[in-house]
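Q: Need a 3D model of the following:
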Amino acid sequence: MQKKALIVGISGVIGRALAEKLMHEGWQVYGLSRGRAAVPQGCTSLVADLTDAPVVSEALNAIKPDALFFSVWARQENESANIRVNRAMVRHVIDALGDRLLGAHVALITGLKHYLGPFEAYGQGVVPVTPFREEQGRQPVDNFYYAQEDELFAGAEKYGYRWSVHRPHTIIGYALGNAMNMGQTLAVYATLCRENGWPFIFPGSAEQWHGVSDVTSANLLAEQLLWAAHSPAAANQDFNAVNGDVFRWSWLWPRLAAYFGIAWQGYSSQIMPLEGRMQGAEAAWTAIANRYQLREPDISKLVSWWHTDADLGRPMEAFTDMSKSRKAGFSGYCSSLDAFTQLFDRLKQERIIPDAG
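A: The predicted structure is shown next:
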């Protein structure tokens with residue numbers, strides 16, 4: 001029988017890549033979201049406010065998934081509110097499905113803030129030694145990732161499903177209207193620089209410019225999620241999820257600039273955040289979109305200046321170890337430079353950025 005998957009957060013950069021991967025493997029895919037963006041073609045869209053338990057229960061009353069994937073969060077004003085809202089969204093879905101999850105696999109995607117701490121306490125505690133390893137455990141701070149994990153674990157005890165937790169680094173993949181999308185943000189930034197003669201300046205910290213880093217292709221993460229849904233070795237385990245290579249931004253930045261045919265500037269003496277420098281870029285982007293007949297003239301639906309600044313502005317080195325999933329049998333790999341350039345190629349094909357220069 002055809003397997004069924006439910007993706008919570010299907011319209012995001014992770015959810016979209018996972019849906020495409022599952023459908024390619026023959027799964028029937030349902031996507032639960034707020035309905036603000038289109039789901040991938042071929043998926044069945046389910047719409048609900050995840051903070052409203054009765055609404056979620058009604059939306060899921062006819063679904064019995066073989067695998068359930070959580071790739072969802074809603075940013076709040078502080079971490080206390082993040083915990084309250086984001087743990088509730090996970091709990092509402094799990095409780096709505098209830099005993100229909102018996103024997104299923106439930107995967108939760110979080111990220112490196114598991115090791116670094118939440119945004120309001122980002123790196124303020126004792127950051128684990130790099131590369132980050134799953135055995136390093138939780139930091140002694142409030143963190144909505146931990147609250148979501150606790151809901152996952154409690155649901156497994158109550159309803160009899162197996163689980164996995166996946167911790168990607170910065171996701172590189174295709175999705176519109178996504179709050180965390182560095183690759184697309186940098187593509188728009190580079191296009192603005194090329195079309196307006198602006199300098200393509202690295203916006204981050206000295207530590208990120210000179211230190212070792214890694215990223216996660218959305219397609220690579222989808223491979224790991226599918227592997228975990230099948231593999232007995234992945235049952236009830238947590239895994240880092242990165243491409244398998246490492247780089248320094250001082251190496252990668254010039255290569256991104258070369259793709260767009262623009263001059264670049266690296267870190268010199270201070271951080272140069274995009275959120276400040278790109279204020280007022282809306283009109284410039286609209287002009288570019290009109291000139292090249294692009295699909296989306298509203299820059300706010302394409303970029304996340306603040307999130308890219310947060311990733312590239314870290315005052316510490318951040319990269320992860322993949323040994324645990326390698327030993328468990330996952331062998332996926334992706335060149336990080338290829339992840340960026342393949343995304344840029346797709347953005348051109350989809351007429352999100354111009355195919356010029």
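Q: what about stretch 21-28, start to end distance?
A: 11 Å (C-alpha to C-alpha, to the nearest Å).
Q: what comes up buried for that stretch?
A: 21-23, 27-28 (16 or more other C-beta atoms under 10 Å). Where C-beta positions appear, they are placed from N, C-alpha and C, glycine not excepted.
Q: Show which residues not belonging to the helix or strand hosting A287 make contact with it.
A: With elements taken from DSSP states H and E, the one containing A287 is helix 281-292. Here helix 281-292 makes contact (C-beta atoms under 8 Å, 6 or more residues apart in numbering) with 188, 191-192, 195-196, 294-300, 302, 351, 354, 356.
Q: Which ones among those residues lie within helices?
A: Using DSSP state H, the members of the contacts of helix 281-292 that fall within helices are 188, 191-192, 195-196.
Q: From those residues, list just the buried residues.
A: With burial judged by 16+ other C-beta under 10 Å, the buried subset of those is 188, 191-192, 195.
Q: export the residues you listed to JSON lines and tack on distance to N236 and pLDDT?
A: Listed next are these as JSON lines, based on distance: C-beta to C-beta, whole Å; pLDDT from 0 to 100:
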{"residue": "V188", "distance to N236": "40", "pLDDT": "97"}
{"residue": "T191", "distance to N236": "44", "pLDDT": "98"}
{"residue": "L192", "distance to N236": "46", "pLDDT": "98"}
{"residue": "E195", "distance to N236": "50", "pLDDT": "97"}
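Q: Return the member of these nearest to V215.
A: V188 (17.5 Å; C-beta to C-beta).
Q: The closest one and K301 touch, don't they?
A: No: counting by C-beta atoms under 8 Å, K301 is not a contact partner of V188; they are 10.4 Å apart.
Q: mind listing the strands for the protein?
A: With DSSP state E, the ranges of strands along the chain come out as 4-8, 28-33, 44-47, 67-70, 105-109, 162-168, 171-172, 200-201, 212-213, 216-217, 237-241, 247-248, 264-265.
Q: what helices or strands is the last one leaning on?
A: Packing partners of strand 264-265 (3 or more C-beta pairs under 8 Å, 6 or more residues apart in numbering; DSSP states H and E): strand 200-201, helix 249-260.
Q: Mind doing that once more with 6 Å?
A: Strand 264-265 sits against helix 249-260, with contacts defined as 3 or more C-beta pairs under 6 Å, 6 or more residues apart in numbering; DSSP states H and E.
Q: Pull out the buried positions in the helix it packs on.
A: For helix 249-260, by 16+ other C-beta under 10 Å, it's 249, 252-253, 256-257, 260.
Q: pull the CA atoms of it into PDB?
A: Written as PDB, here are the backbone C-alpha positions of helix 249-260 (Å, rounded to 0.1, in the frame of the first residue of the first chain):
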ATOM      1  CA  TRP A 249      33.300  32.100   4.500                       C
ATOM      2  CA  SER A 250      36.500  33.800   3.500                       C
ATOM      3  CA  TRP A 251      36.700  31.000   0.800                       C
ATOM      4  CA  LEU A 252      33.000  30.800  -0.100                       C
ATOM      5  CA  TRP A 253      32.100  34.500  -0.300                       C
ATOM      6  CA  PRO A 254      34.400  35.200  -3.300                       C
ATOM      7  CA  ARG A 255      32.900  32.200  -5.100                       C
ATOM      8  CA  LEU A 256      29.300  33.400  -4.500                       C
ATOM      9  CA  ALA A 257      30.400  36.800  -5.900                       C
ATOM     10  CA  ALA A 258      31.900  35.100  -9.000                       C
ATOM     11  CA  TYR A 259      28.600  33.400  -9.700                       C
ATOM     12  CA  PHE A 260      26.900  36.800 -10.000                       C
END
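Q: Does anything pack onto that helix? Which helices or strands?
A: Where contact means 3+ C-beta pairs under 6 Å, 6+ apart, helix 249-260 is packed against helix 206-210, strand 264-265, helix 336-349.
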